[in-house]
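Participant: Got a predicted structure here, sequence first:
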Amino acid sequence: MPIRLLSTDFDGTLIGHHPDAHTVRSLSGALTGLRRQGAVWAVNTGRQLWFALEGLEQAALPHDPEFVLTSEKDIYRRIEEGSWEAFGDWNAQTERQTLELFDRAAQVFTAIEKMVATRDGIELLYENGRLAGLMTADPGTMDQVADAVRELAVAVPEFSFNRNHVWMRFAHRAIHKGSSLAELSRLTGIPRADVLAIGDHHNDIPMLDGSSAAMVACPANAVREVQELVRREGGYISPHPWGEGVADAIRHFSAVS
Ligand SMILES: [Mg+2]
């Protein structure tokens, strides 16, 4: 199977963390090669749109992706250099679904606010004027907070979150990197069999579980849970970190397809 749609996480996958937050040459070569074969590429990130675009610019990639999937939810299509538009009605639809859930989950938010007020090392985060997530002082605290939020939300089964390092964004259980990738696959008419997804952290798990991409991979720096999932799915764990690992995974699946 050829790779026709590539979905890559951004931070910790395409680029490393400071001082490795730049595009390596092997990655540029792999992305250019895929484009030449007619494949399209989506950066699938937890960053909000403006922050994702800022990151793309700073990373000095060989070209822009055709799509950016932002906030673990929204799908944007590049119309021309530097100009992006919502692709289909997915963004509006999922926004409605999110707001409807958040209204219903008011008591979960109250409980989370109460928890945050009584513990050190947690900060609430707001997007578009509403409580959207939280940030912890370190990854260990995030493990504890994730367990606590799961318990607080037990009465509202659709209430979930996407977590990445020390960040957590509250979300509808059905809205994550995997469902937005599946929608992009539907919108582009590129079947799951021809999709390669690559990511390194917890918020990448929904796009690496086989439901939206038949080919899955992670770089060497991926967290343990991601590596275990990719192994279970028969995917590829690169011995190389970040961009080097992405280039390696593209080579791997190009060779076996
Ligand atoms: Mg990442």
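Facilitator: That came through, no problem.

Participant: Can you name the residue of the stretch 1-150 of the chain nearest to the ion?
Facilitator: Residue nearest to the ion within the stretch 1-150 of the chain: residue 12 (3.4 Å; Cβ to the ion). For every residue, glycine as well, the C-beta is placed using N, CA and C.

Participant: what do you get for the stretch 51-200 of the chain?
Facilitator: Nearest residue of the stretch 51-200 of the chain to the ion (Cβ to the ion) works out as residue 200 at 4.5 Å.

Participant: Enumerate every residue touching that residue.
Facilitator: Going by Cβ atoms under 8 Å, 6 or more residues apart in numbering, residue 200 touches 9, 12, 13, 218, 219, 221, 222, 223, 226.

Participant: Which of the three states applies to it?
Facilitator: Following DSSP: H, G, I helix; E, B strand; the rest coil, residue 200 is assigned to coil.

Participant: still on that earlier bit, mark which of the contacts of residue 200 are part of helices, please.
Facilitator: Those of the contacts of residue 200 mapping onto helices are residue 226, per DSSP state H.

Participant: still on that earlier bit, show the contacting residues for the residue of the stretch 1-150 of the chain closest to the ion.
Facilitator: 165, 200, 201, 219, 221, 222, 242.

Participant: again with residue 16
Facilitator: Going by Cβ under 8 Å, 6+ apart, residue 16 touches 221, 241, 242, 243.

Participant: ok, now residue 254?
Facilitator: Taking Cβ under 8 Å, 6+ apart, we find residue 254 in contact with 2, 3, 33.

Participant: Name the helix or strand for it, please.
Facilitator: Using DSSP states H and E, residue 254 maps to helix 242-256.

Participant: Would you mind checking the contacts of residue 12 for buried ones?
Facilitator: Neighbour-count burial (16 or more other Cβ atoms under 10 Å) applied to the contacts of residue 12 gives 165, 200, 201, 219, 221, 222, 242.

Participant: how about the residue lying closest to the fifth one once chain neighbours are set aside, phi and psi?
Facilitator: Excluding the flanking residues, the one nearest residue 221 by Cβ to Cβ, 6 or more residues apart in numbering is residue 241, at 4.4 Å. Summarising the backbone geometry of residue 241 under the convention degrees, to the nearest 10, its torsions are phi -80, psi 160.

Participant: wait, isn't residue 241 in contact with residue 220?
Facilitator: Yes: counting by Cβ atoms under 8 Å, residue 220 is a contact partner of residue 241 at 4.8 Å.

Participant: Neighbour count for these two, which is higher?
Facilitator: More crowded of residue 241 and residue 220, by other Cβ atoms under 10 Å: residue 241, with 19 against 15.

Participant: Give me the pLDDT for the more buried one.
Facilitator: Residue 241 carries a pLDDT value of 97.

Participant: What separation is there between it and the ion?
Facilitator: Here residue 241 is placed at a distance of 12 Å from the ion (Cβ to the ion, to the nearest Å).

Participant: ok, that residue - contacts?
Facilitator: 16, 20, 219, 220, 221.

Participant: what residues are up against the fourth one?
Facilitator: Pointing back at residue 220 there. 237, 238, 239, 240, 241, 245.

Participant: Any idea what the first one is bridged to?
Facilitator: According to DSSP bridges, the residues that bridge with residue 237 are residue 218.

Participant: what's the nearest residue to the most centrally placed residue in the chain if we skip its chain neighbours?
Facilitator: Central residue of the chain (Cα atoms, centre = their mean): residue 45, 3.8 Å from the mean position. Leaving aside its sequence neighbours, residue 45 sits nearest to residue 10 (Cβ to Cβ, 6+ apart; 4.1 Å).

Participant: I am finished for the moment; much appreciated.
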